[in-house]
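A.B. asks: predicted structure and sequence below. I'll ask about it afterward.
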Amino acid sequence: MKDLKRTKIKHLLQENEVGQTVNIKGWVRTKRDSKNVVFIALNDGSVIHNMQVVADPNRFGEELFKSIHTGACLSVTGEITPSQGSGQKVELAAAQIEVLGTADPEQYPLQPKKHSLEFLREIAHLRPRTNTFSAILRVRHAMAYAVHKFFNDKGFFYLHTPIITGSDAEGAGEMFRVTTLDLHNLPKNEQGGIDFTQDFFEKETNLTVSGQLEGELGAMALSEIYTFGPTFRAENSNTTRHLAEFWMIEPEMAFYDINDNMDLAEEMLKYLVQYALDNCMEDLEFLNQRALEEEKNKKQEERSEMSLLERLRFVVENDFQRLTYTEAIDILKNSNHNKKKKFQFLIEAWGADLQSEHERYLVEKHFKKPVILTNYPKEIKSFYMRENEDGKTVAAMDILFPGIGEIVGGSQREERYEKLKQRVQEIGIKEEQVWWYLDTRKFGTAPHSGFGLGFERMILFITGMGNIRDVIPFPRTPGNAEF
RNA sequence: UCCUCCUUAGCUCAGUUGGUUAGAGCACAUGACUGUUAAUCAUGGGGUCCUAGGUUCAAGCCCUAGAGGGGGAGCCA
């Protein structure tokens, strides 16, 4: 009996195994005892539900159960039987219980009760053992898998772009420096600056803030590629939607114009949501319930009109609203919100960057659905975006989601050599930094497009969580790199 | 980085106008209970009131500074 292979709880709850003798291993969620019977809810992370272990205390002796508390790890062997209670169909009648690891209840911080997310962040090494975080991590896994499946099925190639980069022209924010120099004794060059020729790469290097530029190199050979990897921003951003280390998905496609780009992004977002609905329903139902409980603590006007599951279905079933920046400015300028001066930043003239209050108004109040904004003024967008015929806007597109804001940012890339070179000069990027990027426009250039999707922002939307620190196992934010 | 709010038992929180020995629920321990569902019932232990300084006869409560955390803004994905 000792050599019985472990069975996952997910399997036992799905399949009819009544009468079978099986072994399960997992962590104790709760223990309830009375004189003649002990119930232990055991969870192994394979599924959100627990297996109820039923044991006769007279058979095992009192001492065994005194060492079993919430958090302990057990190996239990016994027969799967129909449950007499109403909470579950089957349960495990224990014949053998082995304590693999105890959890001293005076020290173990997790209790069978509701904990605040703030407290759980302080014990991020243990929070995967809660229902909420195990559900999030399973959904996160499923989404990562679905990203690869989506692109693979479309014939895109997964391109591994570098994490250490020697280029600081990506322009997406402050970078983390990578060096092996002795920080207490830095070598100096003749000008009195730091002599990076003595560094590991013999030049300044940083952690990547985007794989896009390298992604374009791949698209100019393989036609359609995507990247999916960690990205680093040393911005001092303290918000519920920014991390210093996050995961980004960046497809890049030759021969796609801005409209093809939007179609792909919308199709992908819908695919991911549908995949979660098809494959993660038990976890989503739990998260839906959790979100409903949380809503009760909010003021009436801050509550969302739809539940999490309703929001997910809504995204799949409805087309995203597409409009240009110029149209958006008109809507905002003529809105009662603007006339009654309810915006902190009033919309007055064309050319201003949209504040998050404006984006929220468009998505949550005006259209009440995901919005794709296009053709922004070139002054407020990046150098590599393709200039439109009007000479003042670029073929950019941002997808805005309710509650999250910008979830996708993309554009048709400037494929004309002279135009791109001119923009590089205007912005003040040194040509020797991006010569390889300019080469793609010199040799066999082609119209192409791409976008970036913040993976954690997508997980925020799908799980209904409110803080990005709760949808990544070990969040990195300013002042915090614990665990 | 800016604005704003918070910090009291392991956790979630109450604590009146500044006034005696700082409370509750959960958790934990002990006991009871013939099948529970975050079990229930009884009893018990558990406190650097974030830190430092100040005002006062008297500070958990008022003032100053600092630390940690939440929310919002900017930057963006």
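C.D. replies: Here it is on my side, so go on.
A.B. asks: how is chain A carved up into domains?
C.D. replies: Here the domain parsing of chain A from automatic domain parsing is A:9-101, A:129-174+A:209-470.
A.B. asks: what's the span of the last one, first residue to last?
C.D. replies: Same thing as domain A:129-174+A:209-470. Domain A:129-174+A:209-470 has an end-to-end distance of 14 Å (CA to CA, to the nearest Å).
A.B. asks: again with stretch A:305-325
C.D. replies: Between the opening and closing residues of stretch A:305-325 we find a distance of 27 Å, counting by CA to CA.
A.B. asks: mind listing what's buried in it?
C.D. replies: For stretch A:305-325, the buried set under the neighbour-count rule, 16 or more other CB atoms under 10 Å, comprises A:Leu308, A:Leu309, A:Arg311, A:Leu312, A:Val315, A:Phe320, A:Gln321, A:Arg322, A:Leu323, A:Thr324, A:Tyr325. (C-beta placed from N, C-alpha, C; glycine too.)
A.B. asks: again with stretch A:235-243
C.D. replies: When burial is assessed from 16+ other CB under 10 Å, stretch A:235-243 yields the following buried residues: A:Arg241, A:His242, A:Leu243.
A.B. asks: tell me which helix or strand comes right after the lowest-mean-pLDDT helix or strand in chain A.
C.D. replies: Within chain A, no helix or strand scores below helix A:62-66, which has a mean of 85 by mean pLDDT, DSSP states H and E. Sequence order places strand A:73-82 as the next helix or strand after helix A:62-66, per DSSP states H and E.
A.B. asks: only alpha carbons, please: show that following strand as CSV.
C.D. replies: Backbone C-alpha positions of strand A:73-82 (Å, rounded to 0.1, in the frame of the first residue of the first chain) are rendered in CSV as follows:
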residue,chain,number,x,y,z
CYS,A,73,1.4,18.5,4.6
LEU,A,74,-0.1,15.0,4.5
SER,A,75,0.0,11.8,2.5
VAL,A,76,-3.3,10.0,2.9
THR,A,77,-4.2,6.6,1.5
GLY,A,78,-7.7,5.2,1.6
GLU,A,79,-10.9,4.4,-0.3
ILE,A,80,-12.9,6.9,-2.3
THR,A,81,-16.5,6.7,-1.0
PRO,A,82,-19.7,8.6,-1.6
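A.B. asks: which residues in the stretch 151-300 of chain A form helices?
C.D. replies: In the stretch 151-300 of chain A, the helices defined using DSSP state H, counting those that start in this stretch lie at A:212-222, A:258-279, A:281-296.
A.B. asks: generate a markdown table for these, with distance to RNA strand B, mean neighbour count and mean pLDDT as supplementary columns.
C.D. replies: Formatted as a markdown table, the entries for the helices of the stretch 151-300 of chain A read as follows, by distance: least, CB to the nearest atom of the strand, whole Å; neighbours: other CB atoms under 10 Å; pLDDT from 0 to 100:
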| stretch | distance to RNA strand B | mean neighbour count | mean pLDDT |
| --- | --- | --- | --- |
| helix A:212-222 | 8 | 21 | 96 |
| helix A:258-279 | 10 | 19 | 98 |
| helix A:281-296 | 8 | 16 | 92 |
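A.B. asks: is it possible to export those helices to JSON lines including distance to A:Thr463?
C.D. replies: Formatted as JSON lines, the entries for the helices of the stretch 151-300 of chain A read as follows, by distance: least, CB to CB, whole Å:
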{"stretch": "helix A:212-222", "distance to A:Thr463": "27"}
{"stretch": "helix A:258-279", "distance to A:Thr463": "9"}
{"stretch": "helix A:281-296", "distance to A:Thr463": "5"}
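A.B. asks: out of those, flag the one nearest A:Ser382.
C.D. replies: helix A:212-222 (9.2 Å; CB to CB).
A.B. asks: re the thing from before, let me have the buried residues of stretch A:235-243 in a markdown table, extended by pLDDT.
C.D. replies: Compiled in a markdown table, the buried residues of stretch A:235-243 are given as follows (pLDDT from 0 to 100):
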| residue | pLDDT |
| --- | --- |
| A:Arg241 | 94 |
| A:His242 | 95 |
| A:Leu243 | 95 |
